[in-house]
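K.L.:
generate a structure from the sequence data that follows.
(3 chains)
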Amino acid sequence: MAANPNAAPAPPSDRTNHGMRVVVAWLVLSAIATPLVAVFVGHLIPPGNGSSQGTEQVFDNTLMLTVITPILCLLAVFFVYGLRSFHASSSGAVLDGPPLRGDSQIQILWIVGTSVIVLFLAGFGTFELLQNGAGGGQGPDPIAVPGGQKMQVQVIGQQWQFTYRYPSLGGIESNQLVLPADTDVELHVTSLDVIHSFWAYELGVKADANPGVDNVAYVKTKSPQVFHVRCAELCGLWHGYMYNNGRVVDSAQFHSWASQQEKLYAAIKPFMDKPEADGGAPFGHTYLPAPERRAG
Amino acid sequence: MTDAAVAPSPPLWRRLLGFNLLTGVVLGIGGWYVGWFGAHSIVGPSLDYFGDIDYNELSVYLAYIGGIVGFLVGLGFFNYPFARLRGYPPSLREKETGGWTRYFSLCTDHKVVGIQYLWGIGLFFFIGGLNAMLIRTELLRPHHQVFPAGTYLTLVGMHGTMMMGMMSSGILGPFANYLIPIMIGARRMAFPRIEALTFWLLMAAGAILTTTIFFGGFPTGWTGYAPLSNEGNPGMDNYILFFALVGISMTLLGLNMIATIVTMRAPGLTWTRLPIFAWGVLSTAVLMVLAAPVLVAVLAMEALDRTAQTTFFVAAAGGSNYLYENLFWVFGHPEVYILALPGFAIVLELLPVFSRKPLWGYRLAVGGLLGVSLLSWFVWQHHLFVSGINGDLRPFYMLSTELISIPTGFTFLCGMMTLWRGSIRFTVPMLFCLAWFFNFLLGGLSGVFLSDVPSDVTTHGSFFSMAHFHYTIMGGLVFTFFAAIYYWVPKMTGWELNERLGKIHFWTMFVFFNSTFAPLFAIGFLGQPRRAVTYASGLQFLNDWVSVSAFCLGISMLIFLFNLVWSLGFVKKPAEANPWGSRSIEFQLPSPVPVHNFDRIPVFSSDPYGYGEGPPPSWVPAGATAGRD
Amino acid sequence: MRVGVKLVLVAAVVVAAGVMIGFYVSNLTTLAGSPAYSLPVQNVNGHPVVNLEIQTVAAVGPQLSRNPDWVSYLVRNTSGQWKRETVWSLPANATVHVTIYNFDGASGLRNPFLARPQGMAGNRIMVDGKPTDAVDPNEASHTFAVPALGIILAIPGVADDAKDQCGYAPCPMSNAHRTIKFTFHTTTPGHFRWQCFVPCAAGWIDGFGGPMQTIGYMDGFLNVKA
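P.N.:
Got it, this is the predicted structure:
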């Protein structure tokens, strides 16, 4: 195993064009693998088609997989070929390799190549993000706002459950998130104590619930379904149990659900609407910011 | 470790007395109680605003401060300042000879400190690993089973905090402390006493974090997010003190490294002849010096929130949790490069030796290390993509995060081109370096998904990001940590490690590492959040697979431990001076390296990578006309 | 050193490490847990019926805890003693009659919505014998909530000026208290956490530390068994 630090250089008999072989193998492998990945793997990536934002994320993930497949292929070809071709002989003296100290052409090619990929990905991600926010929490002043009518729902995190308040339905509140199908929803996520993160998995929505902050996220629901809500930010003892089901229902079912809830919560309504200044519980009022505050 | 020459040693009991670890522990425990009862006698059993609490937060902090001071007094850190105050002459050296006991006391020999670091960090690495095993045991079933709810969070927090805190110094502590003075042709570090201090502070920190279980644990994970940390039990204070001590230790370690590399290079060792490992250490040290103080500051604010109720992070009282998140990640993102960069450097340092070719693109490699070091300051808000930060910032942080893959790509290119047409030997350290390419490639490419905001919406805070950073940190740092152990420990101890066991260790670790963490990408995509003790019952098969793989990974670590004990304790086969045929200067010295490294300071005339370029120059001038004594 | 001595040393270190690890793990498994309590089941017309009697106290007292000032739930066991055990085993598809004696004052709810009793039979609770379908959120002292079963109810507190307030638990029934009764039904087997939503752990900045985040005080499980 020991080798002399002064080992002789390898005899320069190896005239094989290894570089060309690697490039050709890489091109062939990429040409086969990339379309296969794009077509057969991409669409399997969650979160699926539960919402417009979810569809957008699936597309985004598919594109990124397509971009990184050739990179994976290059490294795979390089290492499989390189480690098979360039290892020292298991017996006999260890010879030195050729003293190559760099090649400015390869360096420039590499820098340009990685830069192009990176800038493309950043540009594409920004473009996708600005379409409709991709379901992520955008803070109190969202920049990617879908046009048209939006139903507002306030998501209130506390240790340890989410509740949902519907200002457009007379401020009713529910333990379960129920949304009408094919509707643009504006979620206002906030917290009453520590940081939580509202994650509606199938809808492709995640927004941190911060105390005293209104974090806005958008989602456009599609067909009726059941989805899962989990807390995605460590929030204490019952963090692992802070989950629930939500439902996307058609508009008739949604309205009958709403009127049912209104009846059920009529008893508590006066307390919920009472402002804190008038002796109501803190956060008793619906925690949506006034329009003029939103403008800033 | 071979100090047979030490003249008649006093009996054991006599050597146990004096300034050493034993005294340090005794005085540390004593100091803890002095601080505890001292604080109680000053402020009473409970402060007004803690009317309901059975403990007094202030006394917790004063107890630990007393304990740390006592520990350092016992180790003898105050002897020198007091000696100077009393007019004794300055000395740069303490306990640089004196048999095995110097490993248990303040020693200013950088080689002793390096070996202390190796064992000390190794100990806490195994405690962190034990916690990982317990986490995976708990996750064998979809609902909580073994540990009471809440204890799981403590386990997750202890695992993450221990690994992050200890492994930040995982390469710089043992290997840079040992090797940097040798590689740059010096006899010591710039500040040898501070060098020892960084190690003992880290050990005090590790003890404090491990004992958090006696104080109720802490619920926050390694990020310690406020305001949840304001609610935590006294165990939370152990987290704060641990990370604050780690931060102080890292800052001092980094300063020491920078000062040493900048000022103490031997004649002829120009910047372009510096070993790439030293460049990696330098770029890491810069990050440490600039990032760790931010951590100490944010933890000081959190400690004030908990003791004096300053409400820095409490929204209801005018604070903001974003303040904590931003400050933490201003430290936290450079921190992950503090973990990753030494790994890059070790790969680039070892590849030329085992492919018998010069390091390809030296300047590009240095540029890559420095570029990562610089860019790592501009990416931290990608941890907050969905947190409700200003929406306009997200495209910028998406761009900066993706840009960092360009300098990282330099490391890949230089490494791959160094292998190209080389004469590759598949030794144990080389296998770990090659595995780095595989692991870091998967880690890096999965990072592309996390850096992209639309994709991050689903993967953020899920097991996907957990798999990602285990691929980059365990696959990137821990693999190179083992490469460095197999490569340099024979040099450090003078005894060979068993190669067959090393290969068994490598292959089991590589296979089970991937078998453990690759399915976690899928688990994360399928919707399992991090740090949650429950998961969807449909994910049980994957989770069980991961758990079993993790246990096998643990067994692989035990194989390594066995190799260490067997080779260094029983076989004791003397290592050659240069077992790998390296042209680097440390391998031109005897194994182990003598106390003062060089008889004469060497003069450098090239970098250590001239494989295939003729015989290496002799560093130590034969005629002894050049160089200093 | 001779090989035998070294082997003994290594064995000693391995044994010591094993003992330390055992100590560590056992410490973790008992850290902040609660013993499970199996509720006695009556059989009424072939249908399982369980009576659950619990009390909420402002200070658990030195008899029952190392943290005497912590707020806590207590459960009455078969021999009539109050125990600090919050992990309860119940049969599936059973009717559970719950009686809560609250000896604590009001703290107020963060989210007034939780003051609407829900998830129990009739979505209604009996407070001191009176049917109630809304508690004043500011009067709430604690909640008893099993979110996975949809059960949430606020427990009104003892008036601040009430006479004969309970100091340390266990509190005799002669002390000022409120009595809440309701009935719910268990369904499928499973582990369901229950907790209090009122930030009632005074002293911590958010009122949600210590007893609120430690099993055995204000949190527990309903282990519903087939």
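K.L.:
what does chain B have sitting close to chain C?
P.N.:
B:49-54, B:130, B:134, B:143-144, B:146-151, B:154-155, B:213-214, B:216-217, B:219, B:227, B:230-233, B:305, B:309, B:311, B:314, B:565, B:569-570 (C-beta under 8 Å from any C-beta of the partner chain). C-beta here means a position set from N, CA and C on the backbone, and glycine is covered the same way.
K.L.:
which of these are buried?
P.N.:
Using 16 or more other C-beta atoms under 10 Å in any protein chain shown as the burial test, the residues of chain B next to chain C include B:50, B:52-54, B:130, B:134, B:144, B:146-151, B:154-155, B:213, B:216-217, B:219, B:227, B:230-233, B:305, B:309, B:311, B:314 as buried.
K.L.:
which of the residues you listed fall within helices?
P.N.:
Cross-referencing those against helices under DSSP state H gives B:L130, B:L134, B:T151, B:T154, B:L155, B:N230, B:E231, B:D305.
K.L.:
contacts only, for the spatially most central residue of chain A.
P.N.:
The centroid of chain A falls nearest to A:Q57 when counting by C-alpha atoms, centre = their mean (6.9 Å). Going by C-beta atoms under 8 Å, 6 or more residues apart in numbering or on different chains, A:Q57 touches A:P47, A:A134, A:G135, A:G204, B:P454, B:S455, B:V457, B:T458.
K.L.:
strands along chain C, start to end?
P.N.:
Applying DSSP state E to chain C gives strands spanning C:36-38, C:41-44, C:47-57, C:72-76, C:82-83, C:87-91, C:95-102, C:125-127, C:130-132, C:140-146, C:151-156, C:178-185, C:190-195, C:219-225.
K.L.:
list the helices and strands the fifth one packs on?
P.N.:
Applying 3 or more C-beta pairs under 8 Å, 6 or more residues apart in numbering or on different chains; DSSP states H and E, one finds that strand C:82-83 makes contact with strand C:72-76.
K.L.:
partners of the strand it packs on in the sheet?
P.N.:
Strand C:72-76 has its sheet partners listed here by DSSP bridges as strand C:47-57 (antiparallel), strand C:82-83 (antiparallel).
K.L.:
any low-confidence regions in chain B?
P.N.:
The model of chain B has pLDDT under 70 over residues B:1-10, B:15, B:43-56, B:92-98, B:617-629.
K.L.:
go with 80
P.N.:
Within chain B, the stretches falling below the threshold (pLDDT under 80) are B:1-18, B:39-57, B:90-101, B:144, B:149, B:308-309, B:316-317, B:614-629.
K.L.:
residue in it nearest to chain A?
P.N.:
Closest to chain A within chain B is B:G581: 2.9 Å, counting by C-beta to the nearest C-beta.
K.L.:
in what helix or strand does that residue lie?
P.N.:
Here B:G581 sits in a region with no helix or strand, counting by DSSP states H and E.
K.L.:
could you give the number of residues near B:F354?
P.N.:
28 (other C-beta atoms under 10 Å in any protein chain shown).
K.L.:
grab the nearest non-local neighbour of it.
P.N.:
Using C-beta to C-beta, 6 or more residues apart in numbering or on different chains and skipping the chain neighbours, the partner closest in space to B:F354 is B:M430 (4.0 Å).
K.L.:
can you check A:I156 too?
P.N.:
A:T163 (5.0 Å).
K.L.:
again with C:G207
P.N.:
According to C-beta to C-beta, 6+ apart, the nearest residue to C:G207 is C:P199 (2.9 Å).
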